[in-house]
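Asker: Fold the following for me, if possible:
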Amino acid sequence: MGDFNLFTFEVNIVSVAWEFTIQTVRKLPLKPH
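Answerer: Have a look, this model is predicted:
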């Protein structure tokens with residue numbers, strides 16, 4: 001049960017980080033690096 005909670009916790013962090021990345025990219029002008 002503890003492992004499942006840890007897995008869910010990590011998934012939540014990844015989801016938040018991904019949303020943050022998307023929002024940041026949308027604010028930047030689109031140009032290839």
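
Asker: where does the protein dip in pLDDT?
Answerer: Scanning the chain with the threshold set as pLDDT under 70 gives 1, 30-33.

Asker: repeat that with 50
Answerer: Within the chain, no range satisfies pLDDT under 50.

Asker: Strands along that one, start to end?
Answerer: With DSSP state E as the criterion, the chain has no strands.

Asker: can you map out the helices along the protein?
Answerer: Using DSSP state H, the helices found in the chain span residues 2-27.

Asker: count of neighbours near Glu10?
Answerer: 10 (other Cβ atoms under 10 Å). C-beta here means a position set from N, CA and C on the backbone, and glycine is covered the same way.

Asker: Contacts only, for it.
Answerer: Not one residue lies near Glu10 by Cβ atoms under 8 Å, 6 or more residues apart in numbering.

Asker: From Trp18, how far off is it?
Answerer: Relative to Trp18, Glu10 is positioned 12 Å away (Cβ to Cβ, to the nearest Å).

Asker: now Lys27
Answerer: 15 Å.

Asker: okay, these two: which has more neighbours?
Answerer: Per other Cβ under 10 Å, whichever of Lys27 and Trp18 has more neighbours is Trp18, with 10 against 6.

Asker: Now do the contacts for the more buried one.
Answerer: Counting by Cβ under 8 Å, 6+ apart, Trp18 has no contacts.

Asker: Over to the one 5 residues further on?
Answerer: Applying Cβ under 8 Å, 6+ apart, we find Gln23 in contact with no residue.

Asker: Next one: it relative to Phe7, how far apart?
Answerer: Taking Cβ to Cβ, one finds Gln23 at 25 Å from Phe7.

Asker: same deal with Ile22?
Answerer: In terms of Cβ to Cβ, Ile22 sits 23 Å off from Phe7.

Asker: what does Val16 give?
Answerer: 15 Å.

Asker: and if you look at Val25?
Answerer: 27 Å.

Asker: just Pro29 next, same as before
Answerer: Pro29 is 37 Å from Phe7, by Cβ to Cβ.
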